[in-house]
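Participant: Pasted the sequence and its predicted model underneath.
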Amino acid sequence: MEKLSTLLVRRYRITHLKLLMGSTIPMLRRFFTRSYHNILNFGLGRRINFNAIQKVNVTTTSARLLLNVSGGVMISIGATLVILAELGATTTDVLLTGIKEQTGVSIAGASFGFLAILFVIMAITRAEIGLGTVVIPLSVSTTFTFSFLIIPDPHNLSAQLLYFALGLVVIATGVGIGASAGIGMGAYESICHRISDIRGWHPQLVRLIWELAVLVAGISLGGAFGVGTIIAAIATGWILQYMNSAIGDYLLGRRIRTKCQTPLARGHEYDYPTN
């Protein structure tokens, strides 16, 4: 009787484990597949592919610039929160904190210096420069000059976790707002698309290689790399995917309900080289 009881318990455990694995493995597979596509579409950390964002049909240039500036300010504040959390900065901010460690300049100074290098590269490669290409990164760098002064340091682990999570949401929101104006790609995207045109490589591949090179450079300089960097690379795309879909669906649905023929939001249609 005891042997039968032991056998039944063992079979129950095996069956339970099989059922658990049968539901967990497909869920994990979907998670990693979706994360892979999010990274390809949106990028790593706060340097996200602006072309993947829903575009809002804003009629005036001043309104578009306001969206750019607002988005840049939010991206900078979110990045500040993530850096202050000290759990690992986003890809670009690993480099900025590394430059700060080696030179002693502020994050704002490192951001302006790196931005100047990007503009030089864009000029050399004759990359496309729109209003958003200039306004958004300038807004980000300018906001860094005061964001670290007005946002207090977190004093315990709970505050650090709150800063980190809130920072990612604010970054994704800022990217969505800034890119929705549709008046220029981000500096990264502009350079990477130009390299793609010259070399015939896939733009997403070029952008990922670029971002990984920036990350490696930041780590070598002693930047704020940590587990949060990896989490940010995965989570930001998920957050932006949700916001991009929700906001776009709302805007399009609003136009449909009001029987307007002109779409208010639309995604970018990629035209990648085939060779």
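Facilitator: Cool, got the structure. Residues are numbered from 1 along each chain as shown.
Participant: who touches Thr97 in this structure?
Facilitator: By C-beta atoms under 8 Å, 6 or more residues apart in numbering, the residues touching Thr97 are Ile83, Ala89, Ile107, Ala110, Gly218, Gly223, Ala224. The way it works is simple: take the backbone N, C-alpha and C, and place the C-beta from them, glycine included.
Participant: which SS state does it fall under?
Facilitator: helix (DSSP: H, G, I helix; E, B strand; the rest coil).
Participant: do the same with Gly182
Facilitator: Gly182 ends up coil, using three-state DSSP.
Participant: Can you get me a residue count around it?
Facilitator: As a burial measure, Gly182 scores 21 neighbours (other C-beta atoms under 10 Å).
Participant: Going forward, the N-terminal residue is numbered 665.
Facilitator: All set: I'll call the first residue 665, so the last point we hit is now Gly846.
Participant: mind checking how far it is from Gly796?
Facilitator: 8 Å (C-beta to C-beta, to the nearest Å).
Participant: okay, and the common contacts of those two?
Facilitator: Common neighbours of Gly846 and Gly796 (C-beta under 8 Å, 6+ apart) are Arg728.
Participant: I'd like the contacts of Thr761 written out as JSON lines, with distance to His857 added.
Facilitator: Output for these, formatted as JSON lines (distance: C-beta to C-beta, whole Å):
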{"residue": "Ile747", "distance to His857": "28"}
{"residue": "Ala753", "distance to His857": "25"}
{"residue": "Ile771", "distance to His857": "27"}
{"residue": "Ala774", "distance to His857": "25"}
{"residue": "Gly882", "distance to His857": "23"}
{"residue": "Gly887", "distance to His857": "26"}
{"residue": "Ala888", "distance to His857": "29"}
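Participant: Quick check: the gap between the nearest residue to Ala851 once chain neighbours are set aside and Val870.
Facilitator: In this structure, Ala851 finds its nearest non-sequential neighbour in Leu782, 4.5 Å apart by C-beta to C-beta, 6 or more residues apart in numbering. Remark: distance between Leu782 and Val870 (C-beta to C-beta) = 15 Å.
Participant: Arg858 now?
Facilitator: 9 Å.
Participant: Show the contacting residues for Leu876.
Facilitator: Leu876 is in contact with Leu708, counting by C-beta under 8 Å, 6+ apart.
Participant: Perfect, that will be all.
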